[in-house]
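Trainee: Attaching a predicted model along with its sequence, questions to come.
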Amino acid sequence: MDDTIFALSSGSPPAAISIIRVSGPGAHSAGEALAGRLPEVRQAAVRELRDPQSGELLDEALVLRFDGPASSTGEDLVEFHCHGGRAVVEGVLGSLSRIASLRAAKPGEFTRRAFQNGRIDLTEAEGLADLIEAETESQRRSALAMAEGGLSKRIHAWQQRLLELSARAEAAIDYVDEESGDDDSALRSDCGALAIELEEWLEMPRAEPLRDGVRAVISGPPNAGKSSLLNAIAGFERAIVTELPGTTRDHIEVAMALSGIPVRLTDTAGLRESGELVERIGVERARSLIGVADVLVWLGEPSDAPQHPRAIRVHARSDLPNRGHAPDGSIAVSSVTGAGLAELTEAIIRESRALLPAEGQLALNRRQAACLAEARDSLRAAESAGDLVIRAESLRQARAAFDRLTGRAGVEDLLDALFGRFCLGK
């Protein structure tokens, strides 16, 4: 990476302060071109920023200097903490763009350089991306634990154990003619123990429901009060409500946080046989959503409820005189009076929380779990292998899976997708 990049790393102006970063081999010379003599490493100093060509005063800003590899990107880096007016920011960025050795950064390029220079691994980069996108307290805490290297430390410990197992397997090949029954048994046992530990992690709640939100699907027959219930829980009129059956033709989704838990509450078309094409498509989509629902909120007869591990049965429209008492196991709710809404919301929160990692617990995403599953399978193969060479090869495959997990091998397409999620200047 011979080029030097720059970008606005704070929010779009106007703002009280805007931070402009420059990273790469020409960062210090670019900083000197605008600010004159740079401050000592990791010390802030006030400097006049001037256009290198015209000498025009752009701003009086706080300047910081960092030397690679001990910087966030692993390269020489300069930060300008300017006043946050649009004209100031455009002036500084314009001056930097006219320096021949500099170019504007691409989305996520600062973080990608940190990864490529070994400042962070792929799991930390994924955690940072999730932290930037976090909207609830639970998302923030989980992403922060990942971004600060919680999973990386655990992976490093696993890799050290795996490396020792591989060394023992290779040594056993070298001394294959000697008596080594006890050593071979111990190696098998240790491979199995590490596989069990990985399996325990694979059984923990995943990151997707926390990151994307728990999908709570409201379902039932037409005119059961599904749309009214969605509006009541959401606190605003999101879905159209009429007395006509089949008003909802497609699903309607509302993203919200319930006690800090991200939930995607989804209203669906009423389940019934219909000859009308649009409604029939809506019903088919509703059935599909039931199949992928994390939590099912059912408003029909309890006996008609689809089989679902996290079904909440609701006795809707409980304020109407002809509704009678709620059946056992159902929650009586009225979207008109608000009766039962608190109890229903608590039930959704309770079922959703069971799908999420506990506070402070690390959670694997789908990619990380797939790599960890590969390592587990290879360890199982090593445990059961009767041939020493096959055992050593299985352990090598487990090490390769960990390399993919941390981003040290075979993930170039993934890197493009991941760092594309970042904003400019990050």
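Mentor: Arrived safely.
Trainee: residue ranges for the helices of the stretch 251-400 of the chain, please.
Mentor: Counting by DSSP state H, counting those that start in this stretch, one finds helices in the stretch 251-400 of the chain at the ranges 277-292, 341-353, 366-384, 388-406.
Trainee: By mean pLDDT, show me the worst of those.
Mentor: Among the helices of the stretch 251-400 of the chain, helix 277-292 has the lowest mean pLDDT, at a mean of 80.
Trainee: Restrict that one to CA atoms and write it as PDB.
Mentor: Taking C-alpha atoms only, helix 277-292 is exported to PDB below (Å, rounded to 0.1, in the frame of the first residue of the first chain):
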ATOM      1  CA  LEU A 277     -54.700 -13.600  -6.800                       C
ATOM      2  CA  VAL A 278     -53.200 -10.700  -4.800                       C
ATOM      3  CA  GLU A 279     -54.600 -12.000  -1.500                       C
ATOM      4  CA  ARG A 280     -53.500 -15.500  -2.300                       C
ATOM      5  CA  ILE A 281     -49.900 -14.300  -2.800                       C
ATOM      6  CA  GLY A 282     -50.100 -12.500   0.500                       C
ATOM      7  CA  VAL A 283     -51.300 -15.600   2.300                       C
ATOM      8  CA  GLU A 284     -48.500 -17.600   0.800                       C
ATOM      9  CA  ARG A 285     -46.000 -15.000   2.000                       C
ATOM     10  CA  ALA A 286     -47.600 -15.100   5.500                       C
ATOM     11  CA  ARG A 287     -47.100 -18.900   5.700                       C
ATOM     12  CA  SER A 288     -43.500 -18.500   4.600                       C
ATOM     13  CA  LEU A 289     -43.000 -15.900   7.300                       C
ATOM     14  CA  ILE A 290     -44.400 -18.200  10.000                       C
ATOM     15  CA  GLY A 291     -41.800 -20.700   8.900                       C
ATOM     16  CA  VAL A 292     -38.900 -18.300   9.500                       C
END
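Trainee: lowest-confidence helix or strand of the protein?
Mentor: For the chain, counting by mean pLDDT, DSSP states H and E, helix 412-419 ranks last in confidence among helices and strands (a mean of 65).
Trainee: Going by the annotation, which residue ranges form each domain of this protein?
Mentor: For the chain, the structural domains run 4-116, 122-205+363-406, 210-353, going by automatic domain parsing.
Trainee: Gly420: which of these is closest?
Mentor: Among the domains of the chain, the nearest to Gly420 by Cβ to Cβ is domain 4-116 (5.8 Å). Glycine gets a C-beta too; all of them are placed from N, C-alpha and C.
Trainee: gap between the two ends of that closest one?
Mentor: Domain 4-116 has an end-to-end distance of 15 Å (Cα to Cα, to the nearest Å).
Trainee: just checking, next helix/strand downstream of the top helix by length along the chain?
Mentor: Looking across the chain with DSSP state H, the single longest helix is helix 150-174. Downstream of helix 150-174, the next assigned helix or strand under DSSP states H and E is helix 181-202.
Trainee: what about that next one, distance to the chain center?
Mentor: Taking Cα atoms, centre = their mean, to the nearest Å, the mean C-alpha location of helix 181-202 is offset from the chain mean by 30 Å.
Trainee: Which strands and helices lie in contact with that helix?
Mentor: Helices and strands touching helix 181-202, by 3 or more Cβ pairs under 8 Å, 6 or more residues apart in numbering; DSSP states H and E, are helix 150-174, helix 366-384, helix 388-406.
Trainee: which other helices and strands contact the helix or strand just after it?
Mentor: Per DSSP H and E, the first helix or strand lying C-terminal to helix 181-202 is helix 208-212. Contact here means 3+ Cβ pairs under 8 Å, 6+ apart; on that basis helix 208-212 packs against helix 137-147, strand 261-267.
Trainee: For the first one, give me every contacting residue.
Mentor: Outside of helix 137-147, the residues within contact range by Cβ atoms under 8 Å, 6 or more residues apart in numbering are 123-124, 126-128, 130-131, 133-134, 151, 207, 210-211, 260-262, 356-357, 359-363.
Trainee: avg pLDDT for that helix?
Mentor: 81.
Trainee: buried set for it?
Mentor: In terms of neighbour count (16 or more other Cβ atoms under 10 Å), helix 137-147 has its buried residues at Ser138, Gln139, Arg141, Ser142, Ala143, Leu144, Ala145, Met146, Ala147.
Trainee: what does stretch 353-365 give?
Mentor: Using 16+ other Cβ under 10 Å as the test for burial, stretch 353-365 gives Arg353, Leu355, Leu356, Pro357, Leu362, Ala363, Leu364, Asn365.
Trainee: just stretch 121-134 next, same as before
Mentor: The neighbour-count check on stretch 121-134 (16+ other Cβ under 10 Å) flags Asp121, Leu122, Thr123, Glu124, Ala125, Glu126, Gly127, Leu128, Ala129, Asp130, Leu131, Ala134 as buried.
Trainee: Tell me the gap between it and the middle of its chain.
Mentor: In terms of Cα atoms, centre = their mean, the centre of stretch 121-134 is found 6 Å from the chain centre.
Trainee: And stretch 86-100, by the same measure?
Mentor: 33 Å.
Trainee: What residues does the residue nearest the centre of the chain make contact with?
Mentor: Centroid check for the chain by Cα atoms, centre = their mean gives Asp130 as the closest residue, at 3.9 Å. Neighbouring residues of Asp130 by Cβ under 8 Å, 6+ apart: Gln139, Ser142, Ala143, Met146, Ala147, Ala207, Arg211.
Trainee: Format these as a markdown table; extra columns: distance to Gly26.
Mentor: Shown next, in a markdown table, are these (distance: Cβ to Cβ, whole Å):
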| residue | distance to Gly26 |
| --- | --- |
| Gln139 | 37 |
| Ser142 | 38 |
| Ala143 | 33 |
| Met146 | 33 |
| Ala147 | 28 |
| Ala207 | 38 |
| Arg211 | 37 |
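Trainee: Closest to Ala369 out of the residues you listed?
Mentor: Ala207 (8.8 Å).
Trainee: That closest one is in contact with Leu364, isn't it?
Mentor: Yes - in this structure Ala207 lies within contact range of Leu364 using Cβ atoms under 8 Å: 6.2 Å.
Trainee: Let me have the buried residues of stretch 353-365 in CSV, extended by distance to Gly324.
Mentor: Below are these laid out as CSV (distance: Cβ to Cβ, whole Å):
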residue, distance to Gly324
Arg353, 32
Leu355, 33
Leu356, 36
Pro357, 41
Leu362, 48
Ala363, 43
Leu364, 47
Asn365, 46
